[in-house]
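prediction below, plus the sequence it came from.
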Amino acid sequence: MLVDWDADGNYTGTYDDVTGNIRSMSFSHTRSSTTDYMNGAVLNVQLNNNDNLYSPPKESGDLYGKLVSGKNCVLRMWYPYDNFEDTTGTALTSHTVPYDSAFTWTTPVGAFKCHEDGYAELTTGAASFAIMDTLEYDTEISSEITTAPSSSTADFDVGLILRYIDTDNYIEVTANVSANNITCSKTISGSASVLGTTAYTWGSNTKRTLMARVHGDKVRVYVDDAKVATYSIGSTGTADIDYATKHGFRAKSSATAAKFHHFGGFRPLFKGKVKEIRPRPAKGNQYCYLRCFDSFEDMKLMQSHTYLLGSADKRENFPFRQTLIMGGKATVTTSESSEAIEDTESTYYLATRTAALSERHFDGDNLLAMLYIIQDSEDGFIYVDGHGMFHFESHDHRVSDIHQQTVTVYQGSYDGTNAGYMQYAYDDGIDGVYNIVEFGTSRAEGTTSKTNSFTATTDLMWTDPSVESSAGAIAIESEETIYFIGKYRDNTNFGTNQVPSSPAPPGGGGAPGSLSSSDVIQIWTNADGTGTQLTPYKYFTSEGPDQIDNVYSGFWGRIGVKNNHASLDGYITKVGIGMSGVLYNVNEGIKRVEDSTSMTTHGHRRLTRDKTLFDNSTYAALAAEHRLARVKDPIVRMRLDLINYDKATLLDIVHRRISDRVHVIETGMGMSFSAYIEGYSIKFSQGNTVVDQTLHVTMAEVTASPGKWGSARWGMFKWS
């Protein structure tokens, strides 16, 4: 576990690695069975604090002033894992892997040697491969690497080898120091082809962590938890590297002095922020609690006064990304961002074709609630992974090829090959049954243009103290910018249900061509509106020195007013926020679908989501019918308790992720079925050597044959 106490964007500080002080730790990331919403990930840590290192009031402490909430933190799991600590000069192939010795190294090309300071390096100046069979093909591999002290002219200096079969068949992710890029390539039957190249400045003699996740036909690359790119593997021909389980690292001859500090099968379990630091002093037994949350907590604490949909012809990923932009997690709505988004979906329910007429407006909703609205509209799944990336799975995500492959088997015994569980909890799934599903629609009849000049805006007047007294005038210094927020209300058209579509500075942005006492925005050198009238500069919502993209638009308008005079201070005596148009006769509706058989069996169980993103009942019905088909019958749920009793179970604890398709066998109950992982909780104890995991899964179907995710059709749930 690492905490960025210095708030410098990395985890290289003296005390950033808190692992050695951990007494106990628990982590939970689960999905609600009744709402289908993912809960935010929560990490609880108990640290040894006998020296009061983690005591905020201690002024003489090494972390004094740094022990505040909001610091970034990560939790990472490795297995297998090697830190290469050994007698200096020991050949890598003679080195014993510490976690654990059942894994061994081979060097099909060249040679590496270990160093007592904990790293591997080239034995000679020759290109080399180091390969380990991790027993996992759908996995993430990571290595902390220090590049060579000086740049070379060679193209690919250091990197990772993935899904290795032999020297003629493998995938490679390489960091090119001299060319400042990262390249992903595949070699099939001895023929190499580049899958993609992404600009990235690593730097010479620089330590970073290179991470590569292979999932189906995709390779996702991260450096220090920041996403670099996603590459498609494409066809692998007759060389079946899709299921190859050997992975490793490599260095070209130009990287003689490069160092590989850590390597292993990798699981980024958690990335978020420390929200609570609570020391508990006690003689000889002092400890400190840390409580950490992922980005769902951030989104829950942010409100929105904007709208979703806008001019998007299809729902696609537009509102998803727009919401993340409001939360500071992304910057663009049109393409996949490398910042905090990990979605590559292409199939969505049609939501709107009517541009602004179908805007769904919000008035203080939190951003997490907006993400849930988006999830409902798609009947998909939104969550944050251990890299801090937001995943958006559309409704057909789990019927894709990769999720039709069973990646592991869980059974009630430890045979050394398949993971074994200690306890098994069966849930008949009745609490998740709904047989009436209602999805909302919203659509305006039309748009009315509004007068929006610098002298005639009438809709959003923020203040006019000159009418009353100079006490309301707002002081503004030379070249200072002050922001104003106003809410639209049309009292003259009561009953017409008008909402704004385009808040804007009156007369557009920028400075007016001339000044007059009729201006909607006025700045004077005297508080009573006398003296010299100063030129204002008007900013749109997303402009100015204090940008807030897409937070205030819709019911609310936000503009920046700048005193554009280079030397004179003044007073704002009048401010108006313009409207270029309003939607009139906004019609709200609900589309209801139901299943009479389920209603007879289970009683009336209604699920209403009135704020879904559809502009007519036809579109809403498609998504509602899909939701109904998925939840009208009970979805069997299970909880499996695992412990790192053996190698196979620990591999599954580390490498299985949300949405993975697994197979569960419970011989005592006569059950053998496919399921999907929906969440998990983990407890670490006894110096983090004992790992207990509770896995939450939902049944896919009785057999392993493909079918819609989350559906169970046994006909066994009948009630008197």
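Nice, I can see it.

could you pull out the helices for the stretch 551-700 of the chain?
596-602, 617-631, 647-655 (DSSP state H, counting those that start in this stretch).

how about JSON lines for these, with mean neighbour count added?
(Glycine included, C-beta is placed from N, CA and C.) Formatted as JSON lines, the helices of the stretch 551-700 of the chain follow (neighbours: other CB atoms under 10 Å):
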{"stretch": "helix 596-602", "mean neighbour count": "14"}
{"stretch": "helix 617-631", "mean neighbour count": "21"}
{"stretch": "helix 647-655", "mean neighbour count": "22"}
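
residue 84: which of these is closest?
With CB to CB as the measure, helix 647-655 is the member of those nearest residue 84 (19.5 Å).

which stretch among the helices of the stretch 551-700 of the chain comes nearest residue 200?
Among the helices of the stretch 551-700 of the chain, the nearest to residue 200 by CB to CB is helix 647-655 (26.1 Å).

so what's the gap between that closest one and the chain middle?
Centroid separation for helix 647-655 versus its chain: 24 Å, with CA atoms, centre = their mean, to the nearest Å.

elements contacting that helix?
strand 72-82, strand 259-280, strand 419-420, strand 637-643, strand 690-701 (3 or more CB pairs under 8 Å, 6 or more residues apart in numbering; DSSP states H and E).

give the buried residues for the second one.
Neighbour counts using 16 or more other CB atoms under 10 Å place 259-275, 277, 279 of strand 259-280 among the buried residues.

check stretch 180-198 too.
Buried residues in stretch 180-198, counting neighbours by 16+ other CB under 10 Å, are found at 181, 182, 183, 184, 185, 186, 187, 188, 195, 197.

what would that stretch look like as PDB? C-alpha coordinates only.
Extracted in PDB, the C-alpha atoms of stretch 180-198 (Å, rounded to 0.1, in the frame of the first residue of the first chain):
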ATOM      1  CA  ASN A 180       9.800   9.000 -26.500                       C
ATOM      2  CA  ASN A 181       7.100   6.500 -27.200                       C
ATOM      3  CA  ILE A 182       5.600   3.200 -26.100                       C
ATOM      4  CA  THR A 183       4.900   0.600 -28.700                       C
ATOM      5  CA  CYS A 184       2.800  -2.600 -28.600                       C
ATOM      6  CA  SER A 185       3.600  -5.300 -31.200                       C
ATOM      7  CA  LYS A 186       2.900  -8.900 -31.900                       C
ATOM      8  CA  THR A 187       5.200 -11.600 -33.400                       C
ATOM      9  CA  ILE A 188       3.400 -14.400 -35.100                       C
ATOM     10  CA  SER A 189       5.300 -17.200 -36.800                       C
ATOM     11  CA  GLY A 190       8.400 -15.100 -36.600                       C
ATOM     12  CA  SER A 191       6.800 -12.100 -38.300                       C
ATOM     13  CA  ALA A 192       6.500  -8.900 -36.200                       C
ATOM     14  CA  SER A 193       3.800  -6.300 -36.700                       C
ATOM     15  CA  VAL A 194       3.100  -3.100 -34.700                       C
ATOM     16  CA  LEU A 195      -0.300  -2.900 -33.100                       C
ATOM     17  CA  GLY A 196       0.200   0.700 -32.100                       C
ATOM     18  CA  THR A 197       2.600   3.400 -31.000                       C
ATOM     19  CA  THR A 198       1.800   6.100 -28.400                       C
END
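
list the contacts of the nearest residue to residue 650 once chain neighbours are set aside.
Take residue 650 and drop its neighbours on the chain: the residue closest to it by CB to CB, 6 or more residues apart in numbering is residue 644, 4.1 Å away. When contacts are counted by CB atoms under 8 Å, 6 or more residues apart in numbering, residue 644 touches 650, 653, 690, 691.

quick check: residue 644 vs residue 45, distance?
With the distance defined as CB to CB, to the nearest Å, residue 644 ends up 19 Å from residue 45.

try residue 585
55 Å.

more neighbours: the two, which one.
More crowded of residue 585 and residue 45, by other CB atoms under 10 Å: residue 45, with 24 against 12.

state the distance from that one to residue 530.
Taking CB to CB as the measure, residue 45 and residue 530 are separated by 62 Å.

repeat that for residue 131.
Look at residue 131 and residue 530: by CB to CB, they are 82 Å apart.

neighbour-wise, which of these two wins?
With neighbours defined as other CB under 10 Å, residue 131 and residue 530 compare such that residue 131 has more, 22 against 12.

and the more buried one, what pLDDT?
Listed pLDDT for residue 131 reads 98.

who's in contact with it?
Contact analysis of residue 131 by CB under 8 Å, 6+ apart lists 105, 106, 107, 108, 161, 164, 246, 247, 248.

rerun that using 10 Å as the cut-off
Residue 131 sits next to 104-109, 161, 164-167, 170, 246-250 when contact means CB atoms under 10 Å, 6 or more residues apart in numbering.

which of these are buried? Put it as a PyMOL command.
Buried residues within these, by 16+ other CB under 10 Å, are selected in PyMOL with:
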select buried, resi 105+107+161+164+165+170+246+247+248+249+250
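
quick one: which of the contacts of residue 131 sit in strands?
Among the contacts of residue 131, DSSP state E puts 105-109, 161, 164-166, 170, 246-250 in strands.

mind checking the helices of the stretch 551-700 of the chain for the one nearest to residue 499?
Nearest of the helices of the stretch 551-700 of the chain to residue 499, taken as CB to CB: helix 617-631 at 20.0 Å.

other SSEs contacting that closest one?
Secondary-structure packing of helix 617-631 (3 or more CB pairs under 10 Å, 6 or more residues apart in numbering; DSSP states H and E): helix 367-378, strand 436-449, strand 581-594, strand 606-609.

what's the most buried one of these?
helix 367-378 (a mean of 24; mean count of other CB atoms under 10 Å).

relative to strand 436-449, how tilted is that one?
Helix 367-378 runs at 110 degrees relative to strand 436-449, counting by axes from the mean of the first three to the mean of the last three CA atoms, to 10 degrees.

quick check: mean pLDDT of helix 367-378?
Across helix 367-378, pLDDT averages out at 94.

likewise stretch 608-626?
In this model, stretch 608-626 carries a mean pLDDT of 93.

try stretch 32-40
Averaging pLDDT along stretch 32-40 gives 93.

please identify the buried residues of it?
Buried, per 16+ other CB under 10 Å, within stretch 32-40: 33, 36, 37, 38, 40.

thought the third one was touching residue 381?
Translated: residue 37. Yes - assessed by CB atoms under 10 Å, residue 37 is found in contact with residue 381 at 9.1 Å.

show me where the stretch 251-400 of the chain has strands.
Per DSSP state E, counting those that start in this stretch, the stretch 251-400 of the chain carries strands over the ranges 259-280, 287-293, 303-304, 307-308, 360-361, 365-366, 381-384, 390-393.

buried residues in the second one, which are they?
Applying a neighbour-count criterion of 16+ other CB under 10 Å, one finds 287, 288, 290, 292, 293 buried in strand 287-293.

that older thread, and the residue nearest to residue 650, how far is that from residue 18?
Note on residue 644: its distance to residue 18, by CB to CB, is 21 Å.

and if you look at residue 366?
For residue 366, the distance to residue 18 (CB to CB) stands at 31 Å.

go on, residue 209?
Distance from residue 209 to residue 18, by CB to CB: 17 Å.

with neighbour numbers in mind, choose between those two.
Higher neighbour count among residue 209 and residue 18: residue 18, with 21 against 18, using other CB under 10 Å.
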